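>>> All I have is the shape, not the residue letters:
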């Protein structure tokens, strides 16, 4: 890992030209060196004009900068700014303003929550919510439109499952979308039906769009407000950069406007949606490599299969708990081949959503077929999630130089149903972080917010313990796949930066890199691993500027 020469030169010349640096002393600092090894320091020196780190080391470093402004870290722990390698910024901002069904334990309770939200927000034409999870209910069964009809018969309701791969709607929403007994399932989607063939109110994957397209689109002002809410939320959690997984040209244009206004609250690495009609125009223009790393545009999010919880993840064999069901390919194989080919040949990074073992194999096969060894090395192509992989396919990630972009919290969220869905044998290749790291794969860490909570310390905790926040199960779920804390921290810092071609300037706090760092309320290397999720961010600095203070 080599630092960008221009960044290092800029940091040195800016100081020589008389810019007053900032010395942050008396910290328990952690960063990484060029070999991705952990480095301890007590003093960090940075230029708050250029936004770059000048030096780090013990207290003697401060003597080199006699004109510096001095800040006292009061012994707090300092970490590189945390990078979420797979999230959805606009979705998070919207989620913060919707009915929240996360963690509710029954269908009836969820419907009551939706009704209460509707009463509190009578101006909303549609009732939108997110977070239901039938796995947490005693019934374990998908919900029904009838339950929503009883509390909200006259206003359309659209509720997204926690994994964003299914929606629960009422009869009003079905009627507005024209969905009846005779409606044909769209490719890559399923309308769940009862024994009479009537829609039950649950729509899987591409079938969700039948209703989604009827929901009034938010205005630009609505989107700006949602993004600002998301930025503030993430800064308070210690997140300084996000890989935004699957965005439209319209949203990228909004990011560009915010960048021009210096109003981006975090660094954004947007993955263009493979479904965006302007995609080939982007390819013809080439990548956008922003020297400031606020908005680098060089990747495409491609959609492979669905999700495990809704039985949409594409499997090589039947689901253990539903004979004859093997999941869904959201993008048909021929179309998947074509969009991957176009992306790779355009010099863009191909980031393909694949959760099931069949989807992962299909994607790996196409990387092998479509890209030369040189293209694969240069492209740093990724598989987003890589949750269930046939053990014989895991080594192919390393051989083909494909990065697994994995979300640790998915394992602790899914452990209550993954065994039911997969059976014991397929768990050998499920959520296999240790296996990937041991073979030399670099894991791009993240949360997939708002599917999961955005708090990165939840991800660090799950990586290290393989337990939920009640320390269950004892000893951890599939504990042989645990990571060390250093490995987990890498996945949210320098390794996530590597997944966006940014490891030279982000994630290490090495001299010449951006001064993106956080101060937290405890030394994460000196506490029991079970307490990692309780870590609180006290301050967040991005580009050498204080962005959040508790």
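Here it is on my side, so go on. Every value quoted in this text rests on a predicted model; they were computed, and no experiment measured them. Numbering: from 1, shown residues only.
>>> Next up, the contacts around residue 241.
Contact analysis of residue 241 by Cβ atoms under 8 Å, 6 or more residues apart in numbering lists 81, 83-84, 266-269, 496-497, 500, 502, 506, 516. (Each C-beta comes from the backbone N, C-alpha and C, glycine too.)
>>> ok, now with 6 Å
Residue 241 is in contact with 83, 266-267, counting by Cβ atoms under 6 Å, 6 or more residues apart in numbering.
>>> Over to residue 387?
By Cβ under 6 Å, 6+ apart, the contact list for residue 387 reads residue 355.
>>> ditto for residue 75
With the criterion set at Cβ under 6 Å, 6+ apart, residue 75 makes contact with residue 26.
>>> Give me the three-state assignment for it.
Classification of residue 75 by DSSP: H, G, I helix; E, B strand; the rest coil places it in coil.
>>> returning to that earlier point: top of the contacts of residue 241 by neighbour count?
Among those, residue 83 has the most neighbours (other Cβ atoms under 10 Å), with 32 neighbours.
>>> Sticking with that residue, tell me its helix or strand.
Residue 83 belongs to strand 82-87 when assigned by DSSP states H and E.
>>> Can you pull out the low-pLDDT segments for this protein?
Applying pLDDT under 70 to the chain picks out residues 1-19.
>>> Need the contact partners of the longest helix along it.
Ranked by number of residues, the top helix in the chain under DSSP state H is helix 220-236. Here helix 220-236 makes contact (Cβ under 6 Å, 6+ apart) with 89-90, 92-94, 96, 265-266, 540, 547-548.
>>> Out of the residues you listed, which comes closest to residue 167?
residue 94 (14.3 Å; Cβ to Cβ).
>>> List the residues that contact that closest one.
Per Cβ under 6 Å, 6+ apart, neighbours of residue 94: residue 226.
>>> if I look at it, how far off is residue 181?
Per Cβ to Cβ, to the nearest Å, residue 94 is found 32 Å from residue 181.
>>> Over to residue 455?
For residue 455, the distance to residue 181 - Cβ to Cβ - is 43 Å.
>>> more neighbours, the two?
Using other Cβ under 10 Å as the criterion, residue 455 and residue 181 rank with residue 455 on top: 24 against 11.
>>> which residues sit in contact with the more buried one?
Residue 455 makes contact with residue 237, according to Cβ under 6 Å, 6+ apart.
>>> how much space between it and residue 84?
With Cβ to Cβ as the criterion, residue 455 and residue 84 are 10 Å apart.
>>> picking that back up, for the contacts of residue 241, give me a markdown table that also has distance to residue 107.
Putting these into a markdown table (distance: Cβ to Cβ, whole Å) gives the following:
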| residue | distance to residue 107 |
| --- | --- |
| 83 | 37 |
| 266 | 36 |
| 267 | 40 |
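>>> Residue for residue, what is the longest strand the protein has?
The longest strand of the chain (DSSP state E) is strand 239-247.
>>> Next, the closest residue to residue 509 other than its chain neighbours: phi, psi?
Setting aside the residues directly before and after it, residue 509 is nearest to residue 31 in space (Cβ to Cβ, 6 or more residues apart in numbering), at 3.6 Å. Residue 31 has phi and psi values of phi -150, psi -160 when expressed as degrees, to the nearest 10.
>>> tally of neighbours for residue 31?
24.
>>> same thing with the one 3 residues further on?
As a burial measure, residue 34 scores 13 neighbours (other Cβ under 10 Å).
>>> How much space separates it from residue 513?
Counting by Cβ to Cβ - residue 34 and residue 513 are separated by 11 Å.
>>> Could you do residue 254 as well?
28 Å.
>>> Likewise for residue 103?
Residue 103 is 38 Å from residue 513, by Cβ to Cβ.
>>> Please identify which of these two sits among more neighbours.
residue 513 (31 against 10).
>>> residues in contact with the more buried one?
53, 505.
>>> Let me see the contact set for residue 550.
residue 538.
>>> Now with 10 Å, please.
With contact set as Cβ atoms under 10 Å, 6 or more residues apart in numbering, residue 550 has these partners: 236, 519, 521, 536-540.
>>> for residue 300, same thing?
Per Cβ under 10 Å, 6+ apart, neighbours of residue 300: 246, 270-274, 276, 279, 282-283, 339-340, 342-344, 346, 348-352, 381.
>>> List buried residues within these.
Buried subset of those (neighbour count, 16 or more other Cβ atoms under 10 Å): 246, 270-274, 276, 279, 282-283, 339-340, 342-344, 346, 348-352, 381.
>>> which ones among those are found in helices?
Cross-referencing these against helices under DSSP H gives 279, 282-283, 339-340, 342-344.
>>> Going by distance to residue 481, which of those wins?
For these, the nearest to residue 481 is residue 340 (28.2 Å; Cβ to Cβ).
>>> Assess the claim that the closest one and residue 370 are in contact.
Yes. When contacts are counted by Cβ atoms under 10 Å, residue 340 is listed as touching residue 370 (5.7 Å).
>>> what do those two both touch?
Joint contacts of residue 340 and residue 370 (Cβ under 10 Å, 6+ apart) are 350, 381.
>>> Residue 269 contacts residue 295, doesn't it?
Yes. Between residue 269 and residue 295 a contact is recorded at 8.0 Å, counting by Cβ under 10 Å.
>>> Between the two, tell me which one has more neighbours.
residue 269 (28 against 18).
>>> list the contacts for the more buried one?
Neighbour list for residue 269: 83-85, 241-245, 290, 293-299, 349, 496-497, 499-502, 506 [criterion: Cβ under 10 Å, 6+ apart].
>>> And for residue 416?
Per Cβ under 10 Å, 6+ apart, neighbours of residue 416: 133, 135-136, 140, 309, 468, 472-473, 477.
>>> Repeat the analysis, applying 8 Å as the threshold.
Contacts of residue 416 were listed using Cβ under 8 Å, 6+ apart, and they are 135-136.
>>> Need the phi and psi values for it.
Dihedral angles for residue 416 - degrees, to the nearest 10 - are phi -80, psi -10.
>>> Tell me how far it lies from residue 385.
From residue 416 to residue 385 the distance is 18 Å (Cβ to Cβ).
>>> contacting residues around the residue sitting nearest the centre point of the chain?
Nearest to the geometric centre of the chain sits residue 86, at 2.2 Å (Cα atoms, centre = their mean). Residue 86 is in contact with 243, 245, 384-385, 405, 407, 444, 446-448, counting by Cβ under 8 Å, 6+ apart.
>>> how about the nearest residue to it, chain neighbours excluded?
Per Cβ to Cβ, 6+ apart, closest to residue 86 is residue 446, 3.7 Å.
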